[in-house]
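K.L.:
any chance you could fold what I've pasted below:
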Amino acid sequence: MADFFSNLLKIIEYNPDSPMLFNSGFFLYFFLACLVFYQIFFKNTKARSIYLMIFSLYFYYKSSGIFFYLLILSSIIDFIAGKKIAAETSQVKRKFFLILSILTNFGILGYFKYTNFFFDTLNSVGLAHLDMAEIFLPVGISFFTFQSLSYSIDIYRGVLKPEEKFTDFLFFVSFFPQLVAGPIVRAKDFLPQIHQNLEIRDIDISKAVFLIAAGLFKKAVIADYISINFIDRVFEMPLRYTGVENLMALYGYALQIYCDFSGYSDMAIGLALLLGFRLPINFDSPYQSGSITEFWRRWHISLSSWLKDYLYISLGGNRKGKIKQYRNLMLTMLLGGLWHGANWKFVIWGGIHGFALAVEKFLKILKLVAKNKFTKILGVFITFHIVCLCWIFFRASDFQTGFEMISQIFNAFHAGVFLQFISGYTAVFILMIVGFILHFLPKSSEEYTQKVVAKMPAFVHALIIVFVIWLVIQVKSSDIQPFIYFQF
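P.N.:
Down below sits the predicted model:
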């Protein structure tokens, strides 16, 4: 009996070597347990919020250990700040509590994510000789700090009233389906749902099944397989491979990061639907974009809209002339790049996107692309390759590796190797083809598939999930692969 409880404790406590992931076996049991008892509290809004809040906090504990206290601390300060901002009549005091909220969230984010980046930058330019600090980066810290911060800003702007109960607010911040990798949900979109009598319709269940199955397939079948069996090898040592193989790895990474991140978002939205909550769409076939501007309307929509509403517009947006608009675009994307990671390569990644956005505004690319089908197709081709160029610096371990990859593509292409690549990496090639075909299918195809799934009986829904899980087991490596955006 003692051994039983000892083993049980090992399972339920946080394990830094095996954090909870959507694509892990433990999460399946966790979510099933959540659903079973959820029926008891579903009709009572107060009990429902507290129940899901407890499950959400445990989920974050299993993902980041004791650092779940940061989420609670941030929530306490933003909850109090929101109350004070709404209650105060003095503009000075309202600004004080807004600044308190901003400094708290950016202070937490800055310490855990950017301390060593700051030390390393000072060391590299010879201004200091600082030892790197041993700091653990809590999973999803960039997401929940932005989510909580938007609450304070919206109250200050007068577009949102403060939440009355702290438990409801903490539930909003900690809601586990989207907690660690988005979508970044706005308080004005989520808090009203907490107080509503939720309804889970049959069509919601079928849509959730479709999204969970699609997300799991994209992540665990396509993204993980092509990454482990080809992409990681090339990005580790690009000089060992020809330009053809480097280019295929680059195209593969473009597909991998999309399938990995959108797969998480699909599962998050689907899981939330099964609980009666609606989360915003986070991806809309981004590689179908005819311009970089359109790309950012389709890629990581919750982040790009957050940056637009709370950073770009706050800087002045396009209200103060073209030059300042270009400056604001660059600053927004540079900081957006830095949000992704504490490394100069992410800043460069964001800078290239910012520069492309400014050039598009200057040349009025959106109007040119919209002229006819040919310009649209040309725009999609050019945009995809600009995005791929940026992905090199996003994925490569350092600038040297990134430039080596570019050099191989342009100076050592060897087109004849393409057939060898297909024969040597047949499964990878097939999955890449399947992934891109599914991505470039018209939206009507996805809507039609969802309607077909909606007409299926419940046992067929279960069979779909079982089949996808079986498929995952067939192709997965020995280790469960974490989602790419967990590191951000």
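K.L.:
name the SS class of the spatially most central residue of the chain, please.
P.N.:
In the chain, the centroid-proximal residue (C-alpha atoms, centre = their mean) is Ala181; its distance is 4.4 Å. For Ala181, the assignment made with DSSP: H, G, I helix; E, B strand; the rest coil gives coil.
K.L.:
likewise Leu160?
P.N.:
Here Leu160 is recorded as coil under three-state DSSP.
K.L.:
which pLDDT value goes with it?
P.N.:
On the pLDDT scale, Leu160 is placed at 88.
K.L.:
my read: the residue nearest to the centre of the chain touches Gly140, true?
P.N.:
Yes: using C-beta atoms under 8 Å, Ala181 is in contact with Gly140, at 6.2 Å. Any C-beta I mention is one placed from the backbone N, CA and C, and that applies to glycine too.
K.L.:
what residues does stretch 126-133 touch?
P.N.:
115-116, 119-120, 122-123 (C-beta atoms under 8 Å, 6 or more residues apart in numbering).
K.L.:
change it to 10 Å
P.N.:
111, 115-123 (C-beta atoms under 10 Å, 6 or more residues apart in numbering).
K.L.:
from these, which single one is nearest Asp189?
P.N.:
Closest to Asp189 out of the contacts of stretch 126-133 is Tyr111 (29.0 Å), distances taken as C-beta to C-beta.
K.L.:
the closest one against Thr145, yeah?
P.N.:
No: using C-beta atoms under 10 Å, Tyr111 makes no contact with Thr145, being 11.3 Å away.
K.L.:
show me whatever sits in contact with both of those two.
P.N.:
Leu70.
K.L.:
which one's more surrounded, the two?
P.N.:
The neighbour count for Tyr111 versus Thr145, taken as other C-beta atoms under 10 Å, is higher for Thr145 (25 against 14).
K.L.:
which pLDDT value belongs to that one?
P.N.:
For Thr145, the model assigns a pLDDT of 87.
K.L.:
same check, this time on Ile11
P.N.:
At Ile11, the predicted lDDT confidence score is 63.
K.L.:
got it, and Ile153?
P.N.:
So Ile153 comes in at 92 (pLDDT).
K.L.:
got a list of what the nearest residue to it once chain neighbours are set aside touches?
P.N.:
Spatially, and ignoring its direct neighbours in sequence, Ile153 is nearest to Tyr310 (5.8 Å; C-beta to C-beta, 6 or more residues apart in numbering). Counting by C-beta under 10 Å, 6+ apart, Tyr310 touches 146, 149-150, 153-154, 157, 332.
K.L.:
which one of those residues has the most neighbours?
P.N.:
In terms of neighbours by other C-beta under 10 Å, these top out with Thr332 at 25 neighbours.
K.L.:
how about that one, nearest residue that isn't a chain neighbour?
P.N.:
In space, Thr332 is closest to Tyr312, 4.4 Å off (C-beta to C-beta, 6+ apart).
K.L.:
correct me, but that neighbour touches Tyr326?
P.N.:
No: judged on C-beta under 10 Å, Tyr312 makes no contact with Tyr326 at a distance of 11.7 Å.
K.L.:
the more surrounded of these two?
P.N.:
The neighbour count for Tyr312 versus Tyr326, taken as other C-beta under 10 Å, is higher for Tyr312 (21 against 18).
K.L.:
give me phi/psi at the more buried one?
P.N.:
phi -60, psi -50 (degrees, to the nearest 10).
K.L.:
list the contacts for it?
P.N.:
With contacts defined as C-beta under 10 Å, 6+ apart, the neighbours of Tyr312 are 304, 306, 318, 325, 328-329, 331-333, 335-336.
K.L.:
equivalent analysis for Tyr156, please.
P.N.:
With C-beta under 10 Å, 6+ apart, Tyr156 has these contacts: 81-82, 85-86, 94-95, 97-99, 101-102.
K.L.:
list the contacts for Lys451?
P.N.:
Here Lys451 is in contact with 203, 206-207, 210 (criterion: C-beta under 10 Å, 6+ apart).
K.L.:
oops, could you answer that again for Leu431 instead?
P.N.:
Contacts of Leu431 by C-beta under 10 Å, 6+ apart are 221-223, 225-226, 229-230, 252, 255-256, 259, 425, 475.
K.L.:
8 Å instead, please
P.N.:
Leu431 makes contacts with 221-222, 225-226, as judged by C-beta under 8 Å, 6+ apart.
K.L.:
which members of the residues you listed are positioned in helices?
P.N.:
If you go by DSSP state H, these have 225-226 in helices.
K.L.:
just give me the closest of the contacts of Leu431 to Ile50.
P.N.:
Closest to Ile50, out of all of these and judged by C-beta to C-beta, is Val221, at 36.9 Å.
K.L.:
could you check how far that closest one is from Ser74?
P.N.:
Relative to Ser74, Val221 is positioned 35 Å away (C-beta to C-beta, to the nearest Å).
K.L.:
these two: which is more packed in?
P.N.:
Legend: neighbour count by other C-beta under 10 Å for Val221 and Ser74, higher for Ser74 (24 against 21).
K.L.:
now the strand or helix carrying the more buried one: mean pLDDT?
P.N.:
Per DSSP states H and E: Ser74 is located in helix 68-87. Computed over helix 68-87, the mean pLDDT rounds to 90.
K.L.:
give the other helices and strands that that helix contacts.
P.N.:
Other elements packing on helix 68-87 under the criterion 3 or more C-beta pairs under 8 Å, 6 or more residues apart in numbering; DSSP states H and E are helix 45-64, helix 91-109, helix 141-157, helix 166-174.
K.L.:
list the contacts for Lys84?
P.N.:
93-94, 97.
K.L.:
could I get those as CSV with pLDDT?
P.N.:
Shown next, in CSV, are these (pLDDT from 0 to 100):
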residue, pLDDT
Lys93, 89
Arg94, 91
Phe97, 92
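K.L.:
quick one: which of the contacts of Leu431 is most hemmed in?
P.N.:
Ile226 (27 neighbours).
K.L.:
quick check: that residue touching Met432?
P.N.:
Yes: using C-beta under 8 Å, Ile226 is in contact with Met432, at 6.2 Å.
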